[in-house]
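**Q** pasting the structure only:
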Ligand code: ASP
């Protein structure tokens with residue numbers, strides 16, 4: 001059993017044992033969002049990212065800035081060799097190169113992004129430097145690497161023995177086929193709302209395993225993999241990036257919230273847009289969105305069951321199963 005499924009099973013059973021089953025069954029809309037104690041809050045894609053939300057919470061609970069929280073949060077899986085979809089330990093492309101994508105946005109609407117970046121363990125921090133130290137939004141490939149090295153980041157080998165082994169096993173058939181909810185889709189997208197009601201977001205990934213060399217997904221594209229607008233809220237995506245890129249999913253979620261939609265309704269709209277435009281690919285592939293608005297209300301929705309997320313709010317760090325368009 002892969003570690004994601006094992007994790008889910010343990011968490012689910014743990015939760016039921018602790019009497020939380022009813023809580024799990026709620027959709028995000030049914031949570032009690034009495035505004036008073038809803039801030040600060042942080043939400044992230046995928047259950048195993050509880051350590052990431054805990055790192056973000058440390059910043060938020062002590063009055064820190066949402067931007068610092070999301071950076072600190074997503075750096076956790078970036079440095080974790082056991083996480084095969086983000087940073088160090090990420091599965092390589094089909095030629096054996098680990099290539100990373102990340103983006104970040106602050107409460108002023110500033111944005112920074114890197115894509116097709118190799119050899120740097122923390123692409124999110126490079127993305128932040130792009131945002132803060134250059135007149136640009138996005139740097140890619142060799143240029144992004146040069147910038148990172150000039151900024152003092154260390155060049156490292158990010159291909160772990162496990163990832164190399166997985167790639168060697170994959171090469172036997174060399175069949176490129178993303179699968180729903182397995183380790184190949186574990187991008188972390190994170191949205192934080194701090195005590196001063198500032199919103200920030202981050203997204204980081206090694207992208208789809210065994211992708212073509214040079215492939216860039218949705219994760220580093222502002223408005224696709226993540227979008228945050230301090231007037232409204234933020235959203236992030238995970239899953240088959242091509243579907244999110246074609247629909248600019250996170251931007252759509254934020255715009256729906258701007259029009260007054262609850263974050264849960266907003267993420268449902270983005271998933272339904274994908275399903276109506278690309279019905280065949282929808283059958284085969286997973287996409288999940290998370291969202292949080294300025295009131296600390298959140299939403300999460302997937303195409304298929306199996307998408308889960310972490311919410312740290314009111315001092316509790318909890319994993320929830322997202323509702324989905326399709327049933328089992
Ligand atoms: N969205 C990412 C990509 O397409 C994959 C993921 O969510 O893991 O690169």
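**A** Nice, thanks for sending it over. Nothing here was measured: the structure is a model prediction, and the numbers come from that model. Numbering: from 1, shown residues only.

**Q** number of nearby residues for the residue of the stretch 51-200 of the chain found nearest the ligand?
**A** The minimum distance from the stretch 51-200 of the chain to the ligand, using CB to the nearest ligand atom, falls at residue 187 (3.3 Å). Glycine gets a C-beta too; all of them are placed from N, C-alpha and C. The local packing of residue 187 (other CB atoms under 10 Å) involves 32 other residues.

**Q** can you check residue 159 too?
**A** 19.

**Q** go on, residue 275?
**A** Residue 275: 17 neighbours (other CB under 10 Å).

**Q** for it, helix, strand, or coil?
**A** Residue 275 falls in the helix class when you classify it by DSSP: H, G, I helix; E, B strand; the rest coil.

**Q** Report pLDDT for the residue lying closest to it once chain neighbours are set aside.
**A** In this structure, residue 275 finds its nearest non-sequential neighbour in residue 282, 4.5 Å apart by CB to CB, 6 or more residues apart in numbering. Looking at residue 282, its pLDDT stands at 92.

**Q** Quick check, residue 282 in contact with residue 302.
**A** No: in terms of CB atoms under 8 Å, residue 282 does not count as a neighbour of residue 302; the distance is 10.9 Å.

**Q** count of residues packed around the closest residue to residue 214 other than its chain neighbours?
**A** Here the nearest residue to residue 214 in space, its sequence neighbours aside, is residue 116; by CB to CB, 6+ apart that works out to 6.3 Å. Residue 116 is flanked by 22 other residues according to other CB under 10 Å.

**Q** The helix or strand containing residue 116 pairs with which strands?
**A** Residue 116 is part of strand 111-117 when elements are defined by DSSP states H and E. Partner strands for strand 111-117, per DSSP bridges, with pairing direction: strand 100-105 (antiparallel), strand 138-140 (parallel).

**Q** after that strand comes which helix or strand?
**A** Scanning forward in sequence from strand 111-117, with DSSP H and E defining helices and strands, the next element found is helix 123-133.

**Q** Just the angle for that next one relative to strand 111-117, thanks.
**A** Between helix 123-133 and strand 111-117, the angle formed by their directions is 130 degrees, by axes from the mean of the first three to the mean of the last three CA atoms, to 10 degrees.

**Q** Just name the most buried of the strands paired with strand 111-117.
**A** strand 100-105 (a mean of 32; mean count of other CB atoms under 10 Å).

**Q** hmm, the helix or strand harbouring the residue nearest to residue 275 touching the ligand?
**A** Secondary-structure assignment from DSSP H and E places residue 282 in helix 279-284. No: interface with the ligand: helix 279-284 contributes nothing (CB under 6 Å from any ligand atom), its closest point being 12.6 Å away.

**Q** The next helix or strand after that helix: how far from the chain's middle?
**A** The C-terminal neighbour of helix 279-284 among helices and strands, as given by DSSP H and E, is strand 287-293. Computed by CA atoms, centre = their mean, to the nearest Å, the chain-centroid distance of strand 287-293 equals 9 Å.

**Q** Stretch 295-306 and the ligand in contact?
**A** No: under the criterion of CB under 6 Å from any ligand atom, stretch 295-306 makes no contact with the ligand; the nearest approach is 11.3 Å.

**Q** Spit out the contact partners of the residue most central in space within the chain.
**A** Geometric centre of the chain, nearest residue: residue 189, 1.9 Å, by CA atoms, centre = their mean. Taking CB atoms under 8 Å, 6 or more residues apart in numbering, we find residue 189 in contact with 44-45, 201-203, 219, 225-226, 236-238, 250, 290.

**Q** How about it, nearest residue that isn't a chain neighbour?
**A** Nearest non-adjacent residue to residue 189 (CB to CB, 6+ apart): residue 236, at 2.5 Å.

**Q** Wait, a helix at that neighbour?
**A** No: assessed by three-state DSSP, residue 236 does not belong to a helix; its assignment is strand.

**Q** Contact partners for the nearest residue to residue 103 once chain neighbours are set aside?
**A** Distances taken as CB to CB, 6+ apart put residue 113 closest to residue 103, at 3.9 Å, once the chain neighbours are dropped. For residue 113, the contacting residues are 101-104, 127, 130, 137-139, 220-222, by CB under 8 Å, 6+ apart.

**Q** do residue 203 as well
**A** 74, 102-104, 187-190, 219-220, 225-226, 236-237.
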